[in-house]
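Novice: following is a predicted model, sequence given first.
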Amino acid sequence: MHATDSVPKPQRRPTATAAPGASPDAPGLVYRFLLRDDGSQAFPHLSRGCQALLGVSPQWLRRQPEGLAALIVEEDRASFAAGMRESARRLSIWNWEGRIRIESWHDIKWINLRAAPRRLAGVGVQWEGLMTNITHGKLAEQEILQSRRQLAELSAHVDQVKEEERKRIAQEIHDDLGGNLTAIKMAVAQLRRRLAQGAPELTERLDYVDALVDRSIEAAHRISRDLRPGILDLGIVEAIAWQAREFEKQSGIRCELHLPSGDVPLPSSRATALFRIFQEALTNIGKHAGASAVQVRLDAAQDRLHLSIADDGRGLAEGERRRPDAFGIRGMRERAHALGGEFDIGNGERGGCVLSVLLPRNDARLAARD
């Protein structure tokens, strides 16, 4: 539609004492709209709900049917016209949602238009339908989407703070605790050298303390690696390869890797998130899959990363990924979504389970945090 006449002068918003049919409680606007073969338009019928919904009288809209386009917010007019053309061409239901601006009320409404077309021989296409006010539902939907975006951003921030704290603790364990244990081991070695040959009991005690220190050093290194693997400093490709080798040694499950030949530069938040997802996926495979082999593929495009992990195990039971206690799957999904990515998990065509993660390489919202 193209507006040919200006929108009518401001009118008072209908109140409870307004004329019949103009009540704000009216369910909507029942109408017939005709698009003639010569391109002209008409409203053969408009119910009294026209005033309450659109802020114009039925008489005004019948006199200048093109005026409806002037009420539609400019950004929504193209979809309105495209929907009308497609419905006329295919004689399919015309279902459109968009915004109208009512200047006299300083108001913008969301409306839904739904109409069924039929061709009138030698005349054109006529629709019969209903326009309704869906503003409350749309605003609620937008609030939910905004809340989800904020929750995803908060989740990403919490994950990053948690990873930074893990990194700090790992560094302290490595530097302070590891350094102290190494000093103790050196002191034990000095005491052993100074002991007289005839003090076997003390030598045995020192051997025990020495072995205990060795176990403590190994535990400190293991905890430090678990908190924040230093291999991440060498890049995500090296980190995935290292974790796969560790998984093979611990589980006996063979890992077949298809990784880029060089490093893939990533912001630290994305590299860490992808690595944590990979760790959790391997942990789940080791615990639940009953697999003998895992195939890992990392593909790097200019603007995104795709990580695929497929095993030859028993696969997922029906409804398993939606279980409320499936915290591993939920955690992986939330990590991916928090960074604007996509996560999917399901059974493979040849059995087993296939996990897929698609992450953007960068995100302007999070760039300042990296």
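Specialist: The structure has been received and is ready for your questions.

Novice: going forward, measure contacts between C-alpha atoms and count neighbours the same way
Specialist: Noted.

Novice: give me the neighbour count for Arg114.
Specialist: Residues lying near Arg114 (other Cα atoms under 10 Å) number 16.

Novice: repeat for Lys287
Specialist: 10.

Novice: could you do Gly122 as well?
Specialist: For Gly122, using other Cα under 10 Å, the count is 8.

Novice: state the next helix or strand along the chain beyond the lengthiest helix in the chain.
Specialist: Taking DSSP state H as the criterion, the chain has its longest helix at helix 135-172. Moving toward the C-terminus from helix 135-172, the next helix or strand (DSSP states H and E) is helix 178-194.

Novice: and stretch 99-108, what's buried?
Specialist: Arg99, Ile100, Arg101, Ile102 (16 or more other Cα atoms under 10 Å).

Novice: so the third one: helix, strand or coil?
Specialist: Secondary structure assignment for Arg101 (DSSP: H, G, I helix; E, B strand; the rest coil): strand.

Novice: ok, now which ones touch it?
Specialist: Neighbour list for Arg101: Leu71, Ile72, Val73, Asp107, Ile108, Lys109 [criterion: Cα atoms under 8 Å, 6 or more residues apart in numbering].

Novice: can you add secondary structure and give those residues back as JSON lines?
Specialist: Below are the contacts of Arg101 laid out as JSON lines (three-state DSSP):
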{"residue": "Leu71", "secondary structure": "helix"}
{"residue": "Ile72", "secondary structure": "strand"}
{"residue": "Val73", "secondary structure": "coil"}
{"residue": "Asp107", "secondary structure": "strand"}
{"residue": "Ile108", "secondary structure": "strand"}
{"residue": "Lys109", "secondary structure": "strand"}
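
Novice: nearest to Gln295, of the residues you listed?
Specialist: Val73 (51.4 Å; Cα to Cα).

Novice: for Arg119, give the beta-bridge partners.
Specialist: Beta-bridge partners recorded for Arg119 (DSSP bridges): Val125.

Novice: I'd say it and Arg90 touch.
Specialist: No: using Cα atoms under 8 Å, Arg119 makes no contact with Arg90, being 10.5 Å away.

Novice: look at those two and report which has more neighbours.
Specialist: Higher neighbour count among Arg119 and Arg90: Arg119, with 15 against 9, using other Cα under 10 Å.

Novice: at which residues are the strands of the stretch 201-350 of the chain located?
Specialist: Ranges of strands within the stretch 201-350 of the chain are 254-258, 293-300, 304-311, 342-347, based on DSSP state E, counting those that start in this stretch.
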